[in-house]
Structure formats: structure tokens, C-alpha cells
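Student: build me a structure from this.
(2 chains)
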Amino acid sequence: MRNALVIAGKELQGYFVQPVAYVVLTVFLLLGGWFFFALLRQFDEMVQLVQMMGQAQQLQQMNLNSRVIEPLLHDLSIVLVIVMPALTMRVFAEEKRSGTYELLLTAPVRTGEIVAGKFIASACFTLIMIGLAWIFPIILMVFGNPEVGVMFAGYLGLALLATTFVAVGLFTSSLTQNQIIAAISSFGLLILLFVISWPAEAGGGAVWSLLKYLSLPEHFSTLVRGVVDTSDIVFFLSMILVALFLTQRSVESARWR
Amino acid sequence: MIEVKNLTKAYGSFVAVKDISFKAEEGQILGFLGPNGAGKTTTMRIITGYMPATAGTVLVNGLDIFNSSLEARRLIGYLPENPPLYTDMRVDGYLRFVAKLRGVKRAAVDAAVEHVLRVCGLDEMAHRICGQLSKGYRQRVGLAQALIHDPQVLVLDEPTIGLDPRQIHEIRELIRGLAGKRTIVLSTHILPEVSQICDKVVIINDGRVVLEEQIAQLPAGTSLEDVFLNAIAKEGHLPGASAEETLEEVGAGHAN
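Tutor: Prediction:
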């Protein structure tokens, strides 16, 4: 465990001296800000419209959570699909290219510890990023009164989703020494996990329900609606574990080639 | 002590190392020679546990590098062919990281870093970024990280490459001073280096050992260069002929 933390500490420091991490952070927050602004504008127009029509009852139903935060979180999840592969692509690929992989693999450290260390660091950076995106709910809380619990559930969903992306990104990075290949394949996998239930929308049967179960938005949107269901959390945690297990196998098998 | 026993390594159908065996005793500096592509780096990578052998084994102070990998790796300091530097880290930060990774106790890390900075002549470079160092300094940082945990066994892949003559001299002195109770294996292309600092020489060619001899017992009057060229030229008439058989066994094993 100490070894994992040593590696995590070094990796996390690495994120703060690298331009890629800052670019990812900036793109994520700027786009988030833009979506937030757009959603607020729409909300504002809607409120004015309803007020003009003098429908007090409908005005009561106008809800910051469902009209701003929910769509914002869905937008942010798409931004994450695009930027997370860029954040994780170098994690293993870079080490292989620069020769530092030889240092890691000849040190008295288990491959599991290497993978854990790298995962902890990338997950920490991602959670910091998502923590900073709390700026949007905080603005809403200052000027309005959204339901805080629902926002917490939504952000928990976003954090779990992003951490899953990290694990998938580590896996593809461990397969290659080319960062572009790592990024594109993790991008492809994430998109696939987003749309995997599309052919299953109509049909029933075991295979279709499995596809539906594997679909990330299926579980994410439940949390975003404010419903914290253990089964969704278990789903994300098992996705993370499976991806990390595959990463460990892939690092271990690299020795044999 | 390093014991290499009947080591064979195949990359797909290409066999880089064919049934080689040699031994470096405690306190000995072993010079590992051979033309480019002879299998030196492959052998060193197997000794340090970076990759497993296809057949055969390596014992480091009696520990099998494959079966007791973690314990054996703990004993080894390794300078790979290219110094494994993180280009965006500072030299002292990097060495501190390697020290912790190599299991140096938390309280002893600073002292260990200071010590290797001094012996490798890196005091003034401690706060520089690794990626901005010249080739010679990178090599020294590479050597520093190999020494950081005061290992009993040192494996150095061309330690003096890229250094200027004065640095070469310093590093040789350093390596010779390190010997004592340690076992050192170093590969090089510079033949005088071997006669100057090594106790024993192993020459490999085309993946086979063609000569294993104490430096002191080399025929008097002949230069190491002659010995080297002779050994390489005679390749095929010397031990290692059984490699083919071993390979066949390995191949059969895979087929099953």
C-alpha cells in the first residue's frame, strides 16, 4: 500500500506540472460555464413567459434542479467523454516510450500497486476537477434555492462516471506505448458504453437487458434525478474494478512479450 | 552474487539469448562484453526482473529472480541502457521518488538522496529539471538512482556512455570504490575500461557466451582487444553448442 501511495503522490504532482491536465481542466470548466449560462438563460426566459401568462401554479413547478442542474450534468458527462481520454492517455503509454517503465517494473513493487497508485492519482485529479464544477450549484444556491440533496446525488453520479472513465482510460493506456492510440481507443470504448443500449430500447430478452445494464447513461441518469440507488453505485464500482483488473493483467502480461 | 544459469530468451521466433551461463561472485566487478545485438541488454533485463526468461534462471544472492522476484529485486540497483528519468521532475524530487519506491525508510530518504547527489557529482544539479539536463548529467542521475538504496548487486548497462573523459574517469573510480562487498555487472563497448576496473570478463556473441575468464588469467602479452576479436571470430567452436537442444525443448514445451 505504501508503494501505491508513493506512486500516487508522484503521479499527482506530475498532473500539476503538465499542460495537458490544465487544458483538460480549463476546457471542462469553460464548456461547463457555457452550458450553465445557456441553461440559465433558457430558465429565465421560461420564467418570464410563465409570469406574463400569469399562471402562478405553473410558476411554482418551475424547478432549478430539473431545468438547470440535470441538463447541465448530462452536458458535463459528454464533455468528460471527450476530455478524460486526453487526461489518462499518457499514464502508461508515456512510461513505456520514455523507458521509465523499466524503472517501475524492476523496482520491488507489485504490478497491482503500480496500477493502484496510478489510479488513485488520476482519480484524485478528476475529483478535484469535479469538485471545482461545484461552482455552478453554489451560484444557484446564492441566487435561488435548489434542492441540495438532489444536486449531491447528481454530482456523486458525475464523480462515479468520471472515475469509471479514468479506469477505462488507464486500461487502454496500458495496452500501447502510443498516446494517440490510447486516447482514441478509450474514447471509442466510452462512446460505446454510452450507446450500447440503443439497439435494446425496444426489444426484451436476456442479451438486451444485459446491454441495457451495461449502459452508462442508464445508471447515471438515475443518480442525476436525485435517486441514490445502491445498485447504480455498485454498477459503477464494479465497472471500475473490472477495468483496473484488466489493466493489472495487461501490465503483467507486458513482461511476457 | 549473480548466477546466470542456462538462460534462453526468445522474442517470437527470434532467439536473442541462447543458453548462457556465467557467475559473478560477491565483491567482483564483471565486465559484460559483446558486439551490438549480442544480447547484453536482454540478459541484463532478465537479471533485473524486467522480463522473464524463456528458459533457465538467474539467482541473485541465492534468490531466484522469477520465483522470489520482489525479494531479489530489492537487492538490485539497475541502470538501464537509457537512464529512466521522468523529464518533468526535478533531480532531487526524482531521486526521492526512486528512494521511496526502492523501499528506503522514510527517515533515511533525505540522507540517501544527499549521499548519491554527492558521490555522483550532482550537488549543483539537484534542483534542475531532469528533461533539461545534458546527456552526461542524465547518465549520472541514472547512476544515482541505481545507487540510492545502497544495493548489494549493481547492474549497469553502459554506465560511461555519453560522458566526457574526466567524467568517465570519475565514474570508473566510483564504480571501483563501490565493489567492496557488492557484486557489479557492467556492460560496455570500451575495452580498456574492462581491463582497468573489472575482475572478470564475459564475452557474448550472437546470444552465446564465448569467453568467461578472470582478467588476471588472460594470457599475458595479449590485449583485451585481441582476446575479444578472437573470441568473436571463433564463435561456434566454443561452449554453447547445446543451445539448439535447449531451444528445441522449449519449443516443444510451448507446442504442448
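Student: tell me which residue in the stretch 1-150 of chain A sits closest to chain B.
Tutor: Proximity of the stretch 1-150 of chain A to chain B (Cβ to the nearest Cβ) peaks at A:Leu103, 3.8 Å away. (C-beta placed from N, C-alpha, C; glycine too.)
Student: the closest residue to chain A within chain B in helix, strand or coil?
Tutor: Of all residues in chain B, B:Pro84 sits closest to chain A, at 3.8 Å by Cβ to the nearest Cβ. Three-state call for B:Pro84 (DSSP: H, G, I helix; E, B strand; the rest coil): coil.
Student: next, count neighbours for the nearest residue to it once chain neighbours are set aside.
Tutor: The shortest distance from B:Pro84 to any non-neighbouring residue, by Cβ to Cβ, 6 or more residues apart in numbering or on different chains, is to A:Leu103 (3.8 Å). Residues within reach of A:Leu103, counting by other Cβ atoms under 10 Å in any protein chain shown, total 26.
Student: contacts only, for A:Leu103.
Tutor: Residues in contact with A:Leu103 (Cβ atoms under 8 Å, 6 or more residues apart in numbering or on different chains) are B:Tyr78, B:Pro80, B:Pro84, B:Val98, B:Leu101, B:Gln145.
Student: most neighbours, which of the residues you listed?
Tutor: Among those, B:Val98 has the most neighbours (other Cβ under 10 Å), with 29 neighbours.
Student: just list the residues touching that one, thanks.
Tutor: By Cβ under 8 Å, 6+ apart, B:Val98 lies in contact with A:Leu103, A:Ala107, B:Gln145, B:Ile148.
Student: I'd say the third one and B:Leu95 touch.
Tutor: What that stands for is B:Gln145. Yes - with contacts counted by Cβ atoms under 8 Å, B:Gln145 reaches B:Leu95, the gap being 6.1 Å.
Student: return every residue with contacts to both of these two.
Tutor: With Cβ under 8 Å, 6+ apart as the test, B:Gln145 and B:Leu95 both reach B:Val116.
Student: does any part of the strand or helix carrying A:Leu73 sit near chain B?
Tutor: Using DSSP states H and E, A:Leu73 maps to helix A:70-88. No - on the criterion Cβ under 8 Å from any Cβ of the partner chain, helix A:70-88 is out of touch with chain B, staying 15.5 Å away.
Student: in that helix, what counts as buried?
Tutor: By neighbour count with 16 or more other Cβ atoms under 10 Å in any protein chain shown, helix A:70-88 contains the buried residues A:70-77, A:79-81, A:83-88.
Student: go on, stretch A:210-226?
Tutor: A:211-212, A:214-226.
Student: same check, this time on stretch B:206-223
Tutor: B:Asp206, B:Gly207, B:Arg208, B:Val209, B:Val210, B:Leu211, B:Glu212, B:Ile215, B:Leu218.
Student: give the contact list for the residue of chain B closest to chain A.
Tutor: With contact taken as Cβ under 8 Å, 6+ apart, B:Pro84 is in contact with A:Ser98, A:Gly99, A:Thr100, A:Tyr101, A:Glu102, A:Leu103, B:Gly142, B:Gln145.
Student: just the buried ones out of the residues you listed, please.
Tutor: Applying 16+ other Cβ under 10 Å to the contacts of B:Pro84 flags A:Ser98, A:Thr100, A:Tyr101, A:Glu102, A:Leu103, B:Gly142, B:Gln145 as buried.
Student: and the residue of chain B closest to chain A, its phi and psi?
Tutor: Per-residue torsions, B:Pro84: phi -80, psi 80 (degrees, to the nearest 10).
Student: okay, it: pLDDT?
Tutor: You'll see B:Pro84 listed with a pLDDT of 96.
Student: ditto for B:Gly251
Tutor: pLDDT, B:Gly251: 45.
Student: can you tell me the SS state at the residue nearest the centre of chain B?
Tutor: By Cα atoms, centre = their mean, chain B has its centre lying nearest to B:Val155, at 3.0 Å. Three-state assignment for B:Val155 (three-state DSSP): strand.
Student: contacting residues for it?
Tutor: Residues counted as contacts of B:Val155 (Cβ under 8 Å, 6+ apart) are B:Met44, B:Ile47, B:Thr48, B:Ile76, B:Gly77, B:Tyr78, B:Leu79, B:Ala146, B:Ile184, B:Val185, B:Leu186.
Student: for the second one, which non-adjacent residue is spatially closest?
Tutor: Right, the one you point to is B:Ile47. Leaving aside its sequence neighbours, B:Ile47 sits nearest to B:Val58 (Cβ to Cβ, 6+ apart; 5.1 Å).
Student: and the helix or strand hosting that neighbour with strand B:153-157, angle?
Tutor: Assigned by DSSP H and E, B:Val58 belongs to strand B:55-60. Calculated by axes from the mean of the first three to the mean of the last three Cα atoms, to 10 degrees, strand B:55-60 forms an angle of 120 degrees with strand B:153-157.
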